[in-house]
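1. structure, please.
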Amino acid sequence: MQKLIVILGPTASGKSDLGAQLALRLSSGQAKKQFGIHGAEIISADSRQVYKGLDIGSGKITPDTKNFSNFSTGQAKKKYIFTHKGIPHYCIDVASPRRKFTVSQYAKLAQKAIVSVQKRGRVPFLVGGSPLYIYAVTDGWVLPEVKPNMKLRKQLEKLNVEQLLKKLQKLDPERAKTIEQKNPRRLIRALEIVMTTKKPVAQLQKYPLPYPILFLGIKKSLQELKQRIKKRFLQMLKRSFFNEIKDLRKHGLSWKRIEDFGLEYREGTQYLQGKISKQEMIEKTIKATEDFARRQMTWFKKDQRIHWIKNPKDTERLIYKFLTVQY
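-> I've put the predicted structure just below:
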């Protein structure tokens, strides 16, 4: 069965939990009898959960078993598959935080995982909130392999985030709408790509998957989303988020590299360096995450393929119809 189900939405909307819940439903004996499938597995589409060590701050789900990989080299001592509630999850903990992991690298891994899941008679779920990661897979966006241009980067590093954003808005307005706008590393990389290729994101080559895809979006009111963002971050602090940052430092990551991961990591790192107070750190993180969620929704709302869902029953109804219909 060559079909794909996508579960997307803004940060803190509950995508991971819903994905695991639905995958468990489709792994039941009843689902096998009804749809002729042998279960479901999940491919993560999150630009920070690909990294080892970024667990609490990235909102990564808890694995059933611990990964005994070497943090620095990324070489596992034994074959390891990230599972949550017994459901295999792919594209999580696949990269060292020391090194840059590109969208192109992600797309290759995700596509390989999807094919593997389909060959075993299972349904792949692509779950996440990173638009570039999602559409690199579903729509086959061919992202150029642009090598780092150190001369250009040094020129761009002289600009502040406001100047970088303004430049990106001029050269690639669509990318500027969804990028983390206070993250200089992401802004510089986006500018590096568009200035090298002379092509904005909207003009990238696209090779969409040749089989049916069901797009499901989690819909939350702005007020509910704000509450969930605040609650989640306060829970991160209780789960020793600062110790996670300190652990990254112990493994050789610079303060700048940790800040580059954005949002919680940027503000948390500034607090640990004594640049801002704890209260300021909390307020700035929550505000930045709310802004990021709005930008995610700005992108997703343009996609007319997405079915926006409010409750699990609607979700199951759409999935059952999708799996039953012959295309």
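
2. flag every buried residue along the helix or strand hosting residue 322.
-> Residue 322 belongs to helix 312-324 when assigned by DSSP states H and E. Neighbour-count burial for helix 312-324 flags 315, 318, 319, 322, 323 (criterion: 16 or more other C-beta atoms under 10 Å). Yep, even glycine has a C-beta here, placed from its N, CA and C like the rest.

3. neighbouring contacts of it?
-> 1, 3, 5, 18, 21-22, 25-26, 34-35, 37, 123, 212, 214, 216, 307, 309 (C-beta atoms under 8 Å, 6 or more residues apart in numbering).

4. one more time with 7 Å, if that's ok
-> Helix 312-324 is contacted by residues 3, 5, 22, 25, 35, 214, 216, 307, 309 when judged by C-beta atoms under 7 Å, 6 or more residues apart in numbering.

5. identify the farthest-apart pair in the residues you listed.
-> Longest distance between any two of those is 19.6 Å, between 35 and 309; criterion C-beta to C-beta.

6. between those two, who's got more neighbours?
-> residue 309 (19 against 16; other C-beta atoms under 10 Å).

7. show me how this structure divides into domains.
-> 4-142+206-221+304-324, 150-201, 223-294 (automatic domain parsing).

8. next, format the ones you listed as CSV and append mean pLDDT.
-> CSV is the format used below for those (pLDDT from 0 to 100):
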stretch, mean pLDDT
domain 4-142+206-221+304-324, 88
domain 150-201, 89
domain 223-294, 96
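
9. re the thing from before, so which of the contacts of helix 312-324 belong to helices?
-> Residues of these located in helices (DSSP state H): 22, 25, 35.

10. between the residues you listed, which sits nearest residue 173?
-> For the ones in helices among the contacts of helix 312-324, the nearest to residue 173 is residue 22 (35.2 Å; C-beta to C-beta).

11. isn't residue 175 up against residue 189?
-> No - with contact defined as C-beta atoms under 7 Å, residue 175 does not count as touching residue 189 (10.3 Å).

12. in terms of neighbours, single out the busier of the two.
-> residue 175 (22 against 19).

13. so which strand or helix has the more buried one?
-> Short version: residue 175 belongs to helix 173-178, going by DSSP H and E.

14. could I have the CA atoms of that helix written out in CSV?
-> Only the C-alpha atoms of helix 173-178 are listed here, as CSV (Å, rounded to 0.1, in the frame of the first residue of the first chain):
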residue,chain,number,x,y,z
PRO,A,173,9.8,36.8,1.1
GLU,A,174,8.2,33.4,1.4
ARG,A,175,11.1,31.9,3.4
ALA,A,176,11.2,35.1,5.6
LYS,A,177,7.6,34.4,6.6
THR,A,178,8.3,31.0,8.2
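
15. list the buried residues of that helix.
-> 175, 176, 177, 178.

16. what is it packed up against?
-> Secondary-structure packing of helix 173-178 (3 or more C-beta pairs under 7 Å, 6 or more residues apart in numbering; DSSP states H and E): helix 161-171, helix 278-300.

17. dump those helices to a markdown table, plus distance to residue 203 and mean neighbour count.
-> Shown next, in a markdown table, are those (distance: least, C-beta to C-beta, whole Å; neighbours: other C-beta atoms under 10 Å):
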| stretch | distance to residue 203 | mean neighbour count |
| --- | --- | --- |
| helix 161-171 | 12 | 16 |
| helix 278-300 | 16 | 18 |
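
18. out of those helices, which is closest to residue 220?
-> Nearest to residue 220, of those and by C-beta to C-beta, is helix 278-300 at 9.0 Å.

19. next one: that closest one to chain centre, how far?
-> Mean C-alpha position of helix 278-300 versus that of the full chain (C-alpha atoms, centre = their mean, to the nearest Å) differs by 15 Å.

20. what do you get for stretch 184-193?
-> With C-alpha atoms, centre = their mean, you get 18 Å for stretch 184-193.

21. mind listing what's buried in the strand or helix carrying residue 258?
-> Using DSSP H and E, residue 258 sits in helix 255-259. For helix 255-259, the neighbour count (16+ other C-beta under 10 Å) marks 257, 258, 259 as buried.

22. list just the nearest of these to residue 82.
-> residue 258 (22.2 Å).

23. count of neighbours near the nearest residue to the closest one once chain neighbours are set aside?
-> Among residues not flanking residue 258 along the chain, residue 269 sits closest, at 4.9 Å (C-beta to C-beta, 6 or more residues apart in numbering). By other C-beta under 10 Å, 25 other residues sit near residue 269.

24. state the three-state secondary structure for residue 269.
-> Classification of residue 269 by DSSP: H, G, I helix; E, B strand; the rest coil places it in helix.

25. isn't it right up against residue 255?
-> Yes - taking C-beta under 7 Å as the contact criterion, residue 269 and residue 255 are neighbours in contact, 5.5 Å apart.
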